[in-house]
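Colleague: Turn this into a structure:
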Amino acid sequence: MHKQPVLLRRTTSNIVGSSDTSGTSTSTTTTDAIGSGGQFDPDNAIPIEDEHSGWRDNSHKRKLSGIPLDAEAIIKRASVQTSLEQITDEDEEQGGILLNRSFSEPDLRLRGDSWQMEEDDPTEESQGGSTSMPEFSELFPDGNGWTIKSLLTSRGVASVALVVMAIAFVAVHPHGPAASAEQTAGGNGQSSNNVDSITPQSPNPNSKEITIGEYHQEVVGTPVEHHVNEYNKIQFYDSPDKMKPIFSKGPILQNSEMGGLHLFENVCLTNNVDALRYRPDPETSLRGLIYFTDEESVVNNPKRCVPCSNHEPMEDWGDDNVDEKVVGHKCGMDGLHAMFASSVGDWTDCIMQEENTALMEKWGQTQSPVNVSTIHFFQEPTFLLQFNALDMEKSLFDMLMTYLPHWDHFLGANDDEDDEDEEDGGFPFSSVISHSLQGCLSHSHNWFCEVLHGMHAFGTAKEIPWEGDDNTLYCYRELYYNQVGYQRNLDHEGLVTRENFGEFREILFRKFGLPRRRTVEDRLAELEFEKSQHQQGKDGGGGKNGNNANNDDDGENDTKIIFYDNKLSEQTVWNEMESLISKARELEKYQNIKFVTVNQDFAKLTVAQQARKFNEADAIIMAHGQHMANAIFAVDGTSFVEVGCKVTSLIGNPKFMELMDGKYRAVERCGNNKDDGEGKGGHGACVVCKGDGDDVNFTMTPAAFEQLIDDVVASLAR
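Modeller: Below is the predicted model:
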C-alpha cells in the first residue's frame, strides 16, 4: 500500500539557520520540511522544485515556491503558533522569527513524556499531526507541583483568562432575573409574583434609556381596547366601540351680557345633505348636533336621533316647537338641530331604523355621515364657522352681525395689557372648523371668507381641515357655536353699535386699500377740497366742457352713481337700463352727474374689485341681488337703491342704515310702491315686470327713471 505524505507537528525549532542545542538531528529517518513546522519522509515527498533558493523570498504577495496552494495553507496553519517570548535581535538577523515557537524550556519540562509526539500512530499522522488536549492535571498537578511559570504558558494564560472572565460576569450580574424583577417592582426590596405589574423605575417615567448590566422588563403599549391614536390634539378612533362614553353639556352663553355665542361640551356634528337641494334658497349653514346623555327617558325614545324640521325658527335651545310632539325631544336652535343618543353607536343604529330614515327624508333633514366607522375627536376649544356660502348677504347678517360684538370684545381683551382681571383674555378658542366651506380661512376666495380673513375674525386660531365622506364623524371636547340668524334683523339692541361696526369697516378699508374715507365728515372735507381744486382750475382757464362732464374718464369731482343690471348673471335682469342712462345723460340737469355702469358679472369680480366700485360711488342703483352686501365698503352717507319686481333685502333694514348714515330705497313693481307715482299720473319711480312672478325680468319707463335720479340726487344733498 502506498504511504501518503503527511505533515507532522514538530517539537523543536527547525527553521533553516537555527541550530539544535544537542548538535544532533531529532531523527535519522526523517528530514525537516523547510518552513513547515513538521517533518516529512524523503521516500514519500512530493518532488517540487522551488523557483528561488532559500525560503526567505516570500512576501505579502502570492508565494512563488513550488508547493501546491492547499499544501502551503496546511503548512502555514501548522507552523504559525503564538509565543509569549520576546523576539531577540539575533532572531531577526538570522531571519528566523520564531512564530512557531510555542513553549519555553520550562514548558517542555512540565509537559513530560505525555506530550511526546506519537510518530508511530498512523491515525494522528493522517490528521495533520494533531495532538490531544492536555488534561487540567497536567497543567496544574496536585500538591505544590505547579509554579508561577506554569501560568505563563499559552495554555495557562488562556485558562486564567477564562477564570477572570467568569469572575467578571458574576461581578456585573449580582442578581438573577428574580432579584431584578424585585427591584423593578418597586425598588424597595419587596418582591412581586405578578410579572404584569412590574414596571421599570426611572427618574423620568417616559424615558426609554437602557442601562447596560441591568435587568429590564418593559410594558409595551396599553390594552388594545383602550388604544387611541392622537395627533395635533385630535384623537382618532377607527371604530365607535373604542370611544369611551361621553356626556354632553350646554349650551352655555360665552358672555352673559351678549347673546348668540354658545359653548357645548362633548358633542358631535353632522351635515344636512338635503339643505343644498332646498329651492329656491339652498343652504350650507344647517347642522345636526348629537347630544349624549344617559337619561332613561331619552334613551328609550325611538325617535331620539331624528332632528326637527326646518319649518319654524328656533331662537333658543329650550323653545317649544310643534315637532317636539313627533320626535319627543327638544329641537335645538337655528342652524343647529338637536339629536340625542347614549353613544355614537347608539345614534348610528337609531338613524338606520327605517321609520326614522323616512321621517328625516320627509322633513329634508337627512344627515351625514350615516354609517360611522371613524371618529375625529378634537381636544382643543373649537369655533364652528357656520354660514350660507351661497349667499353673501345672508352670510353677512346671519353670521357676522351675531359674532361682531364678541369679536370686538375679544380684540379689546387682547389689546388691554394692563387688565389682569380680564376673564376672557382674548379669543377663547384655538381652532376653527367650517363645514359650510372647506378652506374658508386658508385658500378660499369666497366673498364672506375674504371678509373674515381681512378683519382677522378669529385671531391666531388655526383652521381645521375636514374630510367630506359618509363614514367620518367629527366630535368636540369644547365647541363654540355662533348662532345662525340671531342678529339677522338686528333685533337685539346694543350689541352691534356704530363704534364696533365702524371699527370693523375701518379695518376692511385698510385691508382692501380703498381710496375714499369712511365717515361723512371726511367725505365732506374731501369734496370741499376737490371743489376748491376745480375752481382754481376754472380761474386759470382750465375749466371743463360741460359736454364732457358725463364721460367716465372726466369729472372726478362730480357726483358718481353706479348702475348694475344683472345682465351677465343668472338672476333677474333689468332690461333696457343702458338706454335709460343714455337718455338721462343728455339732460342738462344731470351734467354734473357721472353715470357709471358695471358691465361685468359681479360674481366674477374679486372682492377687492367689488369693494372699490362701491367705495367710489356716492349712490348705488342696482338690480336686486346679494351683491348689495358690498354696502359695507361704501362710505358713510351713501344712497342705496334696489330695483326689482319684489325686493326683500337685509341691507334695507333701517337699523343697518343707521350704523353707516346711509339711505336706502327699494323700487318695486308699479302699484306696490308707496311713492310709485300714484296721484302723479303714474310717472313715479317703479318698474314694469315681464310677468306675474317676483323673480322675473323688468324695465322702467324714461319718466320713472328720471324721477328716480332726481330723488337720489336730492337725498345726497340732505
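Colleague: so is the nearest residue to residue 655 once chain neighbours are set aside in a helix, a strand, or just coil?
Modeller: Of all residues not flanking residue 655 in the chain, residue 490 sits nearest, at 4.3 Å (Cβ to Cβ, 6 or more residues apart in numbering). C-betas here are computed from N, CA, C, even on glycine. Recorded secondary structure, residue 490: coil (DSSP: H, G, I helix; E, B strand; the rest coil).
Colleague: Residue 490 and residue 480, how far apart?
Modeller: Residue 490 sits 22 Å away from residue 480, going by Cβ to Cβ, to the nearest Å.
Colleague: Which one of the two is surrounded by more residues?
Modeller: Neighbours were counted for residue 490 and for residue 480 using other Cβ atoms under 10 Å; residue 480 has more, 22 against 17.
Colleague: Doesn't that one lie inside a strand?
Modeller: Yes. Under three-state DSSP, residue 480 falls within a strand.
Colleague: so it bridges to which residues?
Modeller: residue 263, residue 383 (DSSP bridges).
Colleague: you'd agree it is up against residue 260?
Modeller: No. In this structure, residue 480 is not within contact of residue 260 by Cβ atoms under 8 Å, at 10.8 Å.
Colleague: overlap in contacts of these two?
Modeller: Common contact partners of residue 480 and residue 260 (Cβ atoms under 8 Å, 6 or more residues apart in numbering): none.
Colleague: And for the residue nearest to residue 693 when sequence neighbours are not counted, the neighbour number?
Modeller: Spatial nearest neighbour of residue 693, excluding adjacent residues (Cβ to Cβ, 6+ apart): residue 645 at 7.2 Å. Neighbour count for residue 645, taken as other Cβ under 10 Å: 22.
Colleague: pretty sure residue 645 is in a strand, no?
Modeller: No. The assignment for residue 645, made by three-state DSSP, is coil rather than a strand.
Colleague: quick one: it from residue 670, how far?
Modeller: 10 Å.
Colleague: Identify the contacts common to the two.
Modeller: Taking Cβ under 8 Å, 6+ apart as the contact rule, residue 645 and residue 670 both touch residue 687.
Colleague: ok, back up a step: any figure for the gap between the residue nearest to residue 655 and residue 502?
Modeller: Taking Cβ to Cβ, one finds residue 490 at 15 Å from residue 502.
Colleague: Tell me the confidence at residue 394?
Modeller: On pLDDT, residue 394 comes in at 93.
Colleague: Surely it and residue 650 touch.
Modeller: Yes. At 7.2 Å, residue 394 counts as touching residue 650 under the criterion of Cβ under 8 Å.
Colleague: contacting residues for residue 487?
Modeller: Going by Cβ under 8 Å, 6+ apart, the list of residues near residue 487 reads 260, 397, 401, 402, 404, 495, 496.
Colleague: Just the buried subset of those residues, please.
Modeller: The neighbour-count test (16 or more other Cβ atoms under 10 Å) applied to the contacts of residue 487 identifies 260, 397, 401, 402, 404, 495, 496 as buried.
Colleague: The first one reaches residue 403, doesn't it?
Modeller: Yes. Contact between residue 260 and residue 403 holds when scored by Cβ under 8 Å: they sit 7.3 Å apart.
Colleague: Which residues are in contact with each of these two?
Modeller: Shared contacts of residue 260 and residue 403 (Cβ under 8 Å, 6+ apart): residue 482.
Colleague: ok so, going back, okay, and which of the buried ones among the contacts of residue 487 map to helices?
Modeller: Those of the buried ones among the contacts of residue 487 mapping onto helices are 401, 402, 404, per DSSP state H.
Colleague: right, and out of those, which lies closest to residue 575?
Modeller: Ranked by distance to residue 575 (Cβ to Cβ), these are led by residue 401 at 33.9 Å.
Colleague: for the residue lying closest to the closest one once chain neighbours are set aside, helix, strand, or coil?
Modeller: In space, and not counting its chain neighbours, residue 401 is closest to residue 487: 3.9 Å by Cβ to Cβ, 6+ apart. Using three-state DSSP, the structure places residue 487 in coil.
Colleague: how much space between residue 487 and residue 262?
Modeller: The gap separating residue 487 from residue 262 is 14 Å, by Cβ to Cβ.
Colleague: do residue 570 as well
Modeller: Going from residue 570 to residue 262 by Cβ to Cβ gives 36 Å.
Colleague: So between those two, which is more surrounded?
Modeller: More crowded of residue 570 and residue 262, by other Cβ under 10 Å: residue 262, with 20 against 8.
Colleague: Just give the nearest non-adjacent residue to that one, would you?
Modeller: Of all residues not flanking residue 262 in the chain, residue 251 sits nearest, at 3.7 Å (Cβ to Cβ, 6+ apart).
Colleague: what does stretch 489-509 rub up against?
Modeller: Among residues not part of stretch 489-509, those counted as contacts by Cβ under 8 Å, 6+ apart are 258-260, 397, 401, 404-405, 407-408, 451, 454-456, 486-487, 514, 518-519, 611, 615, 632-633, 650, 653, 655-656, 658-660.
Colleague: Just the buried positions in that stretch, please.
Modeller: Buried, per 16+ other Cβ under 10 Å, within stretch 489-509: 490, 495, 496, 500, 501, 503, 504, 505, 508, 509.
Colleague: then it to PDB, C-alphas only?
Modeller: Presented in PDB, the C-alpha positions along stretch 489-509 are these (Å, rounded to 0.1, in the frame of the first residue of the first chain):
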ATOM      1  CA  ASN A 489     -82.700  91.800  11.800                       C
ATOM      2  CA  LEU A 490     -80.500  93.500  14.500                       C
ATOM      3  CA  ASP A 491     -83.400  92.900  17.000                       C
ATOM      4  CA  HIS A 492     -81.000  92.700  20.000                       C
ATOM      5  CA  GLU A 493     -80.300  96.300  20.800                       C
ATOM      6  CA  GLY A 494     -76.900  97.500  21.900                       C
ATOM      7  CA  LEU A 495     -74.800  94.600  20.500                       C
ATOM      8  CA  VAL A 496     -73.900  96.000  17.100                       C
ATOM      9  CA  THR A 497     -73.100  99.600  17.600                       C
ATOM     10  CA  ARG A 498     -71.700 102.500  15.400                       C
ATOM     11  CA  GLU A 499     -68.400 102.100  17.300                       C
ATOM     12  CA  ASN A 500     -67.700  98.400  16.700                       C
ATOM     13  CA  PHE A 501     -69.300  98.400  13.300                       C
ATOM     14  CA  GLY A 502     -67.200 101.400  12.300                       C
ATOM     15  CA  GLU A 503     -64.000  99.700  13.600                       C
ATOM     16  CA  PHE A 504     -64.800  96.600  11.600                       C
ATOM     17  CA  ARG A 505     -65.300  98.700   8.400                       C
ATOM     18  CA  GLU A 506     -62.100 100.700   9.000                       C
ATOM     19  CA  ILE A 507     -60.100  97.500   9.100                       C
ATOM     20  CA  LEU A 508     -61.600  96.400   5.800                       C
ATOM     21  CA  PHE A 509     -60.900  99.800   4.200                       C
END
